[in-house]
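1. predicted model and sequence follow; I will ask about them next.
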Amino acid sequence: MSKRTKRPKAKSAKVPAKSLVVRAVEWIVRLPRLVRIIMVGVFAIAVTFAVSPVVDELYLRWLFDDSTVILPSIITVVIGMVVYIIGWLLVVGSAGETPRARPVVLLYCLLGILAVVLAVAALLPGLNGENFSIS
């Protein structure tokens with residue numbers, strides 16, 4: 001009889017645990033497309049709302065002219081559109097494709113959440129009972 005030689009057992013390769021960032025990004029890009037579209041739209045509107053007072057203040061302080069009163073609105077809308085387009089490219093992607101899971105997706109979402117929080121915080125003082133009256 002032949003001697004059987006024992007083969008060393010192959011060690012199972014340990015798969016490194018995914019970091020919280022990677023898991024969060026993968027969760028975001030796996031959301032339904034409509035949810036991602038709405039999320040990007042809300043972030044763009046929040047950024048537009050949050051940036052508007054800053055643009056208005058800069059305009060009134062240094063650039064005010066009766067012939068250019070529409071300029072702050074145009075600048076604010078352009079900023080909002082840029083945020084929307086960046087979000088579309090990063091988070092939504094083309095029809096039928098899932099966007100790549102990159103850390104910048106999480107950064108975009110965190111900044112978007114910050115913009116929503118700032119927009120809501122700016123709205124709250126106007127919603128209290130002292131400032132709201134029906135006459």
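-> Received, thanks.

2. only C-alpha atoms for contact and neighbour calcs from this point on.
-> Will do.

3. now the helix or strand harbouring residue 118: how far from the chain's centre is it?
-> Secondary-structure assignment from DSSP states H and E places residue 118 in helix 103-127. Averaging C-alpha positions (CA atoms, centre = their mean, to the nearest Å) puts helix 103-127 9 Å from its chain's average.

4. buried residues, that helix. List them.
-> Across helix 103-127, burial judged by 16 or more other CA atoms under 10 Å covers 105, 106, 108, 109, 112, 113, 114, 115, 116, 118, 119.

5. let's have the residues you listed in JSON lines, adding pLDDT and distance to residue 83.
-> Formatted as JSON lines, those follow (pLDDT from 0 to 100; distance: CA to CA, whole Å):
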{"residue": "105", "pLDDT": "93", "distance to residue 83": "13"}
{"residue": "106", "pLDDT": "93", "distance to residue 83": "14"}
{"residue": "108", "pLDDT": "95", "distance to residue 83": "9"}
{"residue": "109", "pLDDT": "94", "distance to residue 83": "11"}
{"residue": "112", "pLDDT": "95", "distance to residue 83": "9"}
{"residue": "113", "pLDDT": "95", "distance to residue 83": "13"}
{"residue": "114", "pLDDT": "94", "distance to residue 83": "13"}
{"residue": "115", "pLDDT": "94", "distance to residue 83": "11"}
{"residue": "116", "pLDDT": "94", "distance to residue 83": "13"}
{"residue": "118", "pLDDT": "90", "distance to residue 83": "16"}
{"residue": "119", "pLDDT": "90", "distance to residue 83": "15"}
